[in-house]
Structures are given as C-alpha cells and as structure tokens.
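**Q** Next comes the sequence, and after it the predicted model I'd like to discuss.
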Amino acid sequence: MIVKFSKYGKGKASGVLDYLLKEKGDKGALVPRVHAKVLYGDPVLTEHLINTTSHKSKYKSGYLSFLERANEISEADKKRIMQEFEAIIFCGLECDQYDILWVEHADKDIDEAHPVGRLELNFVIPCQELRSGNAFQPYYEPADQKRVNAWKNIINSEVKTIQGEPLSDPNDPERKRLVNPYSNHAPRPTPFDVKTYTKKDADKDEETIANPPSRTLLEEAIKRRLLLDWQNGILMNRRMVLGRLEEWGLKINRGNSEKTLSVTSSKLTDKNGKPIGVRLKGGMFERGFDGLRFRSHNKEWEQAVYDHRISRNERKQSDEELLATGIKIKEAYHQERYRSSATPESLVSDKVLEQELEVAEPATTETYRPSLRPRF
C-alpha cells in the first residue's frame, strides 16, 4: 500500500467528486461510476463545505493504493485502515472539527481472470476546521511526510489479506527499479529490453533527447538510453548519470530531492518560452545511486537482509517511534492553532445525558456512518 496526496485542491468540488463518483456514459453524459462506492461520509455535505469556503486551498484529496484486489482485503481491515489514517491526519481534533469523504475504487487492472480490480481508498478533506471556520491544512509534506510514511509501513507489516498473505511492501528491494517506466497521464510504454534495443533505436532516442517533441517522449528516451548505459556498465553512480545528462545538453535543475532528478531542455518550452521540466524517478536518480546494487546477485542478498526477522523488528520499532513522536507534535500544533474552538459547554447536564443513554442504548451496526456523526 502507498499513500498519495493530490496537488489539486483550489477549484470547485465538482472536479474531484465527479472523478470519484461518476464517469462518461455512452452518450457522453456523466453516469454513476462502476466499481465506485462511498464507504464513509456524505458527498453532498463535502461538496457544500468545499464550495462555500473562502479559503484559497479548498480541499485536500488523495488515495491509498493497494496491489491487492478490493475483495482480497476484508471490510474490517478497510475500516481499520481508514480510521487509523484519520487518527494520524487529524491528530488531537474531535470528529466534529473536520469532514472527510471516503470512496472505494475497484476498477484498476480488471481482466477476465480478475473481475474485481485493485483496491483504492480515495479521500477528500475540506480545508476548513468546522467549529471556527478557520483554514485547515490536512497535509504539509515537510512536516507530515515522515509520520504518514511510518504509519504506511506499519499497516503494510500488520494487515493481511483474506488469504492470510501480507500486503505488498513498496519498500521491498525486490520492487525497486532503476527507473520508473510510467509517466503521468501517459499510456504505459513497452518494457525496456536491451536484447531488442538496436543501435538504430539508440540513435533515434538520442535525436529525441536533442530535439524533444514532447515532455513524455523526452522522458522515455532518457530512461531507455540510461538503462542501456547501465546494462553496458557505463553508468554506475549518480555522478556518471549527471555527466551523461549534461553531455546530452540537458540542464540539471537545482533543488533536486533525495529520490528524483529534474532536467530541462532548451529545445522544449511552454507557450511563454520557459523550459519545461522533466522529473526523473527511480533508483538511478537517487542521490546515493550505486549501479552494482541492482545486479541480480546483489539484489538477492539485499532481499535476504530486508526479510530477516531482526531487520523487520528494527524497522517496525523505528516506525512506531517516528509515528508516536509525529502524532505528539501534530496534536500540540492542532490544539494550539484551534484552541479557541474548544468544545462548547453542553446545554444538557451530564447526569441527564447519562439517564437518556441508559434508557435506549443503540444497537451495534457494521455500516459506515456519514461525517459529523459518531466515528464508524
């Protein structure tokens, strides 16, 4: 399971809600989306809160994405995952201080053998603290990423499928790739195979790099040429990768992260003449890239070390400490920021309320309840 937050969130609610709940029908009109269902929350309330807020950031959306199919994870575990996610996002807040909508998608990678797609738990959070109406930022990467990643790692280590199998671990060395072969909003390319990659193909890619017709084609050409150089033992560390990119006339942008590189070509610009950046993702573009680690025999050794019981226990202990510390910090921040939004004094005495609850205790239910009501 991975956690992704969207960069969008300043427009009307219809954009995100139509994507989550609707799709185009045969005649082009929007119809209810197949394999989508609301698990928790009220779409009408969420839409109203987003559209009526005056804050610049109106909502934060994202998803929890699983390799497992939607019917391979129990409803109880889905509920646990959603509850715990809310607990690490809304640290220290009461349930009437925020709103969240959860929508399940099960339409990814469907085929004849798999009529139910991979599980995605999508969420939408209005950027408003509901008691005060003040702005609320659910996720700010520099402050929140470590806490969210620690929780993700714990969930991946603890939750099992209905068949008793562990969830897929995105940090597993076996899953680490030299380059990310997928570009945003682009069809999946044919997997790179050095055996079928001819000199003619290499020359064509170098021409694409020299005179890029589009961002996507430039990105894919760069990755294929770098993979060829790695296969031939030429590019074995980050310095060599940077040198090759500069040799092709590409500019390395400043401010690159630990995990990615961003480059621009003077031949690829937007309508204002500004160079368009291409972000390169994968092990080859990480700051500590060592090409030898991706050789098959070394990956097998790393896999064995990663799977060892001591390594698993050490990772879990570190994640639990990071999560506990992160929650404590975020709780203090929320309580200080929204201190004026303390729970208002009850109009009914505690004694009267207790008597009413004793008279008719509601029956338990397994259904999800909408926001602004008792939790799950």
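**A** Received it, and whenever you're ready, just let me know what you need. Residues are numbered from 1 along each chain as shown.
**Q** going forward, measure contacts between C-alpha atoms and count neighbours the same way
**A** Noted.
**Q** what residue ranges in the stretch 101-250 of the chain score low on pLDDT?
**A** When residues are selected by pLDDT under 70, those of the stretch 101-250 of the chain lie in 173-194.
**Q** Which parts of it are strands?
**A** 101-108, 118-126 (DSSP state E, counting those that start in this stretch).
**Q** so how far is stretch 36-52 off the chain centroid?
**A** 20 Å (CA atoms, centre = their mean, to the nearest Å).
**Q** Only the buried residues of that stretch, if you could.
**A** Of all the residues in stretch 36-52, those buried under the rule 16 or more other CA atoms under 10 Å are 36-43, 45-47, 49-51.
**Q** Looks like residue 4 contacts residue 66 (just checking).
**A** No - the pair residue 4 and residue 66 does not pass the contact test of CA atoms under 8 Å, sitting 11.3 Å apart.
**Q** who's more crowded, the two?
**A** residue 66 (20 against 12; other CA atoms under 10 Å).
**Q** could you say which helix or strand contains that one?
**A** Using DSSP states H and E, residue 66 sits within strand 59-69.
**Q** In contact with the residue nearest to residue 3 when sequence neighbours are not counted, which residues?
**A** The spatial neighbour of residue 3 that comes closest, neighbours along the chain excluded (CA to CA, 6 or more residues apart in numbering), is residue 64 at 4.7 Å. Residue 64 makes contacts with 1, 2, 3, 4, 120, 121, 122, as judged by CA atoms under 8 Å, 6 or more residues apart in numbering.
**Q** For those, give me TSV that also has distance to residue 15.
**A** Shown next, in TSV, are the contacts of residue 64 (distance: CA to CA, whole Å):
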residue	distance to residue 15
1	25
2	23
3	21
4	18
120	18
121	18
122	14
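**Q** picking that back up, just name the most buried of the strands of the stretch 101-250 of the chain.
**A** For those, the largest average neighbour count (mean count of other CA atoms under 10 Å) is found in strand 118-126, namely a mean of 24.
**Q** Tell me the helices and strands packed up against that strand.
**A** Under the contact definition 3 or more CA pairs under 8 Å, 6 or more residues apart in numbering; DSSP states H and E, strand 118-126 sits against helix 43-52, strand 59-69, strand 101-108.
**Q** and those as TSV, adding distance to residue 261?
**A** Output for those, formatted as TSV (distance: least, CA to CA, whole Å):
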stretch	distance to residue 261
helix 43-52	35
strand 59-69	23
strand 101-108	29
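**Q** Please state the offset of the helix or strand hosting residue 336 from the chain centre?
**A** Using DSSP H and E, residue 336 sits in helix 309-337. Distance, stretch centre to chain centre, for helix 309-337: 19 Å (CA atoms, centre = their mean).
**Q** helices and strands around it, which ones?
**A** helix 141-158.
**Q** Which residues outside the helix it packs on are in contact with it?
**A** Outside of helix 141-158, the residues within contact range by CA under 8 Å, 6+ apart are 1-3, 81, 85, 88, 166-169, 316, 319-320, 322-323, 326-327.
**Q** Repeat that for stretch 10-18.
**A** With contact meaning CA under 8 Å, 6+ apart, stretch 10-18 is reached by 43, 46, 47, 50, 51, 56, 57, 58, 59, 61, 124.
**Q** What's the separation between the fourth one and residue 17?
**A** Spelled out, that is residue 50. To residue 17, residue 50 is 11 Å away according to CA to CA, to the nearest Å.
**Q** Show me the helices in the stretch 201-350 of the chain, by range?
**A** Ranges of helices in the stretch 201-350 of the chain, per DSSP state H, counting those that start in this stretch, are 215-231, 238-247, 296-307, 309-337, 350-359.
**Q** Just the CA coordinates for the first one, please, in CSV.
**A** So the one you mean is helix 215-231. The C-alpha trace of helix 215-231 is given here as CSV (Å, rounded to 0.1, in the frame of the first residue of the first chain):
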residue,chain,number,x,y,z
ARG,A,215,7.9,16.0,-22.3
THR,A,216,6.7,12.4,-22.3
LEU,A,217,8.8,11.3,-25.3
LEU,A,218,11.9,13.1,-23.8
GLU,A,219,11.4,11.4,-20.5
GLU,A,220,11.1,7.9,-22.0
ALA,A,221,14.0,8.4,-24.4
ILE,A,222,16.3,9.5,-21.5
LYS,A,223,15.3,6.4,-19.4
ARG,A,224,15.9,4.0,-22.3
ARG,A,225,19.4,5.4,-23.1
LEU,A,226,20.4,5.5,-19.4
LEU,A,227,19.2,1.9,-19.0
LEU,A,228,21.3,0.8,-22.0
ASP,A,229,24.4,2.5,-20.5
TRP,A,230,23.8,0.8,-17.1
GLN,A,231,23.4,-2.6,-18.8
